[in-house]
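Novice: Sharing a model that was predicted from the sequence below.
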Amino acid sequence: MPLSSSHPAPGPGSAPGRGPEGATPGPRPRRRPGAAVRRRSALGLLAAASLVAAGLPDATPLGVGDRLYPHLGNPGYDVRSYDIALTYSGRNDRPLDAVTKITARATARLKRINLDFAHGTVRSVEVDGRPAPHVSRGEDLIVTPHRTVRAGTPVRIVVRHTSDPRPPKGGKDKEVGWLRTKDGLVMANQVDAAHRVFPGNDHPSDKALYTFRVTAPENLTVVANGTRVARYPGAPPRPGKSATRTGPDVRQERAAPAMTTWVYRSAHPMATEVAQVSIGRSAVVRRTGPRGLPLRDVVPAADRKRLEPWLAKTPGQLAWMESKVGHYPFETYGVLLAQAETGFELETQTLSLFEERLFTTGQYPRWYVEAIMVHELAHQWFGDSVTPRTWSDAWLNESHATWYEELYAHEHSKMSMDERTRRAYSVSDRMRAEGGPPGAPKVPAPGNKTGIFRPVMYDGSALVLYALRAKIGHAAFDRLERAWVTRHRDGVAGTADFVALASRISGQDLGGFFRSWLYDAKTPPMPGHPDWKSHHRTPQPPARKPGAKPAGQPAAKPAGKPGDRPGAKPAGQGAGKPGAKPAGQPAGKPAGKPAGKPVGGPGARPRG
C-alpha cells in the first residue's frame with residue numbers, strides 16, 4: 001500500500017497557512033475563483049493525470065509480507081473505519097455504483113498510498129479533500145496525495161468507483177467477492193476477494209469499523225453486518241451527474257424503479273474477509289437469543305415458513321456455545337440463506353452465509369446440518385472476534401470451529417468425537433503431505449487462492465486441539481479456550497500468542513509440543529492413544545488412458561475453498577471436512593471436496 005517517502009518532512013517555514021516566519025496570517029475574504037483560476041486548476045489536474053498515465057517510477061504493488069499471499073494488504077497505515085455506499089440497479093449482471101470512504105492513521109511517512117482494489121472502474125480519488133492522482137498496478141490502486149502524509153496523522157481517502165459482480169473475462173481467478181444469487185447478491189470475500197468489491201487494506205491483520213449505505217429497488221431487502229441504523233426512500237445522485245437534469249436523463253430516471261437506502265453499522269471491528277451485504281427478495285426473521293441478544297435471520301421470503309424449524313435452532317446453539325467459551329462477542333447474530341450454488345458456507349461477521357439447499361433438499365442428516373451451523377457460529381468467536389494475524393495462523397480459526405462442530409454432534413447426536421478423531425488421525429499423514437502441516441499450509445496454486453483450505457486445515461488442525469487437551473487436561477483446556485477469546489476479543493492474534501497462553505495456563509513449556517504438531521511433515525503420536533496409526537503411503541498411480549484422472553482424484557478442482565471451506569473426503573482419501581459440491585456443480589466454481597462420506601459424517605459438504 002503506502003510507500004514511505006525518502007524526502008524530509010516540510011519545516012515550520014513551509015507549513016501550510018503560515019508565512020516564512022511561521023506566523024499565522026489574518027483571515028482573508030473568501031471569493032469564488034475566476035475563470036482563469038479554474039482553468040489553471042483544470043490544467044494542473046490534467047498534468048497530474050498525465051504524469052500518472054505515464055507511470056510513476058515508484059508506483060508499485062506492495063503487501064504486508066504474508067507468507068501465503070505476499071501482495072495482500074499494505075504497510076504504512078491502519079484503517080480505522082470504512083463507509084461504503086453501493087447503488088444496486090436491480091440487475092446482478094451489472095456493476096454497482098460505489099463510493100468508499102476510508103478513515104485511517106498513518107503509521108509511516110507516506111508519499112504513496114496503496115489500496116488493494118481490482119475488478120472495478122475507478123472514477124476519482126480524493127485524499128483529505130483534495131483530488132489525488134492514481135494508477136492501478138497489479139491488484140493495487142496506488143494514490144499520490146497532494147503532500148506527504150506524516151506518521152501518526154489521520155488520513156481520509158474517498159474513492160468513487162464501480163463494484164462489478166461479474167467474473168472477469170478470460171481470467172483464471174473467478175472469485176470476485178460478490179456471489180450472484182437467484183434474486184440478487186451476497187458477499188463471499190474470503191480469502192482475498194474483498195478488494196474486488198471495494199478498495200481497502202485487504203488483510204485480516206487490519207480490522208476496522210464498517211458502515212454500509214446500500215441503495216436498491218424498494219421491492220428488495222438489504223441486510224449487512226451489524227445493525228440497521230437507518231432506512232429511507234430515495235437514492236443518492238448518480239456519480240458524475242448533476243442533481244438537476246432535464247431531457248432523456250429525467251425520462252429514464254422516471255422509468256426506473258423507486259429506490260430505498262438502507263444503512264448498517266458494525267459496533268465491533270471487522271476484517272475485510274468477513275464483510276457481508278445481502279440484497280434480494282428476502283424476509284428478515286427476528287427473535288431473541290441468550291441474555292436478550294437480538295437475532296435476525298435472512299431467508300428467501302417465499303421459503304420462510306418451511307425454514308423456520310431450522311432458524312429456531314440458533315438460540316439453543318448460541319446458549320451451548322456460551323456455556324463452552326463465554327458470552328457471544330457481537331451485537332447481533334443470524335444466518336443468511338442464499339439461493340446460490342456456492343459449494344461452501346462462510347462465517348461472515350454477525351451473519352453467517354449458507355446455501356439454502358443445505359436445509360431444503362434433505363441430502364444431509366439433521367444432526368449433520370446442525371453441526372455445520374455450529375461450525376459457522378463458533379467462528380464468530382474464533383476467526384471473527386479473534387482474527388488471525390497472518391493467513392498461516394488460520395488453523396486457529398478452523399481447528400476451533402471444527403472442534404465445536406464435532407463436540408456438538410457428540411453431545412447432541414451421539415456421534416462419537418473420539419471415533420471421528422481416530423479416523424482423521426488415520427489419514428493425517430496424507431493430509432499433511434497434500435496440504436502441508438497445520439501451521440504452515442502449502443502456498444495455494446495460481447488461480448486457486450482459496451486452496452489453503454485443504455482437509456489439513458479442518459480435521460488436521462482439530463487433531464492439534466485433541467492432542468493438546470490430552471496433554472494438559474480437560475480443565476486447563478477449558479480455561480485456555482475461554483481465556484483466548486476473552487484476552488484477544490476484537491483483536492488479532494497469532495500462533496505464538498496461542499502457544500504462550502497455553503503454556504502459561506497449563507504451567508508447562510509447550511513450545512516443543514506445538515512445533516511438532518503444527519510444523520512436522522508427519523503427525524506426532526497422539527497422547528493417550530499409542531495404538532492410533534496414520535497409514536499414509538506415497539500414491540503410485542496406475543497406468544491410465546490419456547486424459548484420464550489419476551485414481552482417487554476428484555473430477556472437480558483440487559480441494560479448496562471457493563470463498564469459504566471445503567468439506568471432507570471419505571475416510572482414507574485424505575480429506576477431513578465435509579464439503580464438496582455434488583456432481584453437476586456449475587463450471588467456474590472451485591469444487592470443495594468430492595462427494596462421498598466424510599470423516600465425521602455423511603455427504604460432501606463444505607463448511608466455513
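Specialist: Perfect, thanks for sending it.
Novice: mean confidence score for the helix or strand harbouring F477?
Specialist: Per DSSP states H and E, F477 falls inside helix 474-487. In this model, helix 474-487 has a mean pLDDT of 98.
Novice: for stretch 81-97, same thing?
Specialist: 98.
Novice: coming back round to it: C-alpha coordinates for the helix holding F477, CSV please?
Specialist: Taking Å, rounded to 0.1, in the frame of the first residue of the first chain, the C-alpha atoms of helix 474-487 are listed here in CSV:
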residue,chain,number,x,y,z
HIS,A,474,-9.6,-31.1,30.3
ALA,A,475,-9.8,-28.4,33.0
ALA,A,476,-6.8,-26.5,31.8
PHE,A,477,-8.0,-26.8,28.2
ASP,A,478,-11.4,-25.3,29.0
ARG,A,479,-9.7,-22.4,30.8
LEU,A,480,-7.5,-21.8,27.8
GLU,A,481,-10.5,-21.6,25.4
ARG,A,482,-12.2,-19.0,27.5
ALA,A,483,-9.1,-17.0,28.1
TRP,A,484,-8.2,-17.0,24.4
VAL,A,485,-11.4,-15.4,23.2
THR,A,486,-11.6,-13.0,26.2
ARG,A,487,-8.0,-11.8,26.0
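Novice: Packing partners of that helix?
Specialist: Applying 3 or more C-beta pairs under 8 Å, 6 or more residues apart in numbering; DSSP states H and E, one finds that helix 474-487 contacts helix 314-325, helix 461-472, helix 495-506. All C-beta spots, glycine's among them, are computed from the backbone N, C-alpha and C.
Novice: In the protein, what helix or strand scores lowest on average pLDDT?
Specialist: Lowest by mean pLDDT, DSSP states H and E among the helices and strands of the chain is strand 3-4, with a mean of 35.
Novice: still on that earlier bit, angle of the helix holding F477 against helix 495-506?
Specialist: Helix 474-487 runs at 130 degrees relative to helix 495-506, counting by axes from the mean of the first three to the mean of the last three C-alpha atoms, to 10 degrees.
Novice: Can you tell me which of the helices and strands packed on helix 474-487 is packed in deepest?
Specialist: Greatest average neighbour count among those goes to helix 461-472 (a mean of 23), per mean count of other C-beta atoms under 10 Å.
Novice: tell me which strands and helices it is in contact with?
Specialist: helix 395-413, helix 417-426, helix 474-487, helix 495-506, helix 511-519.
Novice: can we see that at 10 Å?
Specialist: Counting contacts by 3 or more C-beta pairs under 10 Å, 6 or more residues apart in numbering; DSSP states H and E, helix 461-472 packs against helix 395-413, helix 417-426, helix 428-435, helix 474-487, helix 495-506, helix 511-519.
Novice: Columns distance to G226 on top of the ones you listed, output as JSON lines?
Specialist: Formatted as JSON lines, those follow (distance: least, C-beta to C-beta, whole Å):
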{"stretch": "helix 395-413", "distance to G226": "21"}
{"stretch": "helix 417-426", "distance to G226": "34"}
{"stretch": "helix 428-435", "distance to G226": "34"}
{"stretch": "helix 474-487", "distance to G226": "20"}
{"stretch": "helix 495-506", "distance to G226": "26"}
{"stretch": "helix 511-519", "distance to G226": "34"}
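Novice: and P365, which of those is closest to it?
Specialist: For the helices and strands packed on helix 461-472, the distance to P365 is smallest for helix 395-413, at 8.5 Å, taking C-beta to C-beta.
Novice: Could you check the angle the closest one makes with helix 495-506?
Specialist: In terms of direction (the same axes, to 10 degrees), helix 395-413 departs from helix 495-506 by 50 degrees.
Novice: CA atoms only: put helix 395-413 into CSV for me.
Specialist: Presented in CSV, the C-alpha positions along helix 395-413 are these (Å, rounded to 0.1, in the frame of the first residue of the first chain):
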residue,chain,number,x,y,z
TRP,A,395,-5.5,-23.1,11.7
LEU,A,396,-6.6,-21.3,14.9
ASN,A,397,-9.9,-20.5,13.2
GLU,A,398,-10.6,-23.8,11.6
SER,A,399,-9.4,-26.1,14.4
HIS,A,400,-11.7,-24.5,16.9
ALA,A,401,-14.7,-24.3,14.6
THR,A,402,-14.2,-28.0,13.7
TRP,A,403,-13.7,-28.8,17.4
TYR,A,404,-17.0,-27.4,18.5
GLU,A,405,-18.8,-28.8,15.4
GLU,A,406,-17.6,-32.2,16.5
LEU,A,407,-18.3,-31.7,20.1
TYR,A,408,-21.8,-30.5,19.4
ALA,A,409,-22.5,-33.6,17.3
HIS,A,410,-21.0,-35.8,20.1
GLU,A,411,-23.2,-34.3,22.8
HIS,A,412,-26.4,-33.8,20.9
SER,A,413,-26.5,-36.7,18.4
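Novice: excluding its backbone neighbours, what's nearest P269?
Specialist: Spatially, and ignoring its direct neighbours in sequence, P269 is nearest to K207 (3.9 Å; C-beta to C-beta, 6 or more residues apart in numbering).
Novice: That neighbour contacts V79, doesn't it?
Specialist: Yes: the criterion here is C-beta atoms under 10 Å, and K207 meets it with V79 at 8.1 Å.
Novice: which stretch among the helices and strands packed on helix 474-487 comes nearest A216?
Specialist: Counting by C-beta to C-beta, A216 lies closest to helix 314-325 out of those; the figure is 25.9 Å.
Novice: So what touches the closest one?
Specialist: 287-291, 293, 295, 297, 327-328, 333-335, 352, 370-371, 373-374, 376-378, 380-382, 400, 403-404, 407-408, 411-412, 478, 481-486 (C-beta atoms under 10 Å, 6 or more residues apart in numbering).
Novice: Any chance of a PyMOL selection covering the buried ones in those?
Specialist: Entered in PyMOL, the line below selects the buried ones among the contacts of helix 314-325, by 16 or more other C-beta atoms under 10 Å:
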select buried, resi 289+290+293+295+297+328+333+334+335+352+370+371+373+374+376+377+378+380+381+382+400+403+404+407+408+481+483+484+485
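Novice: Assumed A104 was part of a strand.
Specialist: Yes: A104 forms part of a strand when assessed by DSSP: H, G, I helix; E, B strand; the rest coil.
Novice: Not counting its neighbours along the chain, what's nearest E411?
Specialist: Counting by C-beta to C-beta, 6+ apart, E411 lies nearest to W320, which is 8.0 Å off, once chain neighbours are set aside.
Novice: Just the pLDDT at A243, thanks.
Specialist: Predicted confidence (pLDDT) at A243: the value is 41.
Novice: do the same with P2
Specialist: P2 carries a pLDDT value of 38.
Novice: One more: H535?
Specialist: For H535, the model assigns a pLDDT of 80.
Novice: got a list of what it touches?
Specialist: Y425, S426, V427, S428, D429, R430, G572.
Novice: Can you select the buried ones among those for me in PyMOL?
Specialist: To isolate the buried members of the contacts of H535 in PyMOL, using 16+ other C-beta under 10 Å:
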select buried, resi 425+426+427+428+429+430
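Novice: Dump the contacts of H535 to CSV, plus distance to L463.
Specialist: Below are these laid out as CSV (distance: C-beta to C-beta, whole Å):
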residue, distance to L463
Y425, 6
S426, 11
V427, 11
S428, 6
D429, 11
R430, 13
G572, 16
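Novice: Name the nearest of the contacts of H535 relative to V464.
Specialist: Taking C-beta to C-beta as the measure, V464 lies nearest S428 of the contacts of H535, at 10.2 Å.
Novice: for the helices and strands packed on helix 461-472, which one sits closest to R109?
Specialist: Smallest distance to R109 across the helices and strands packed on helix 461-472 (C-beta to C-beta): 29.1 Å, for helix 495-506.
Novice: picking up where we left off before, by how many degrees do the helix holding F477 and helix 461-472 diverge?
Specialist: 120 degrees.
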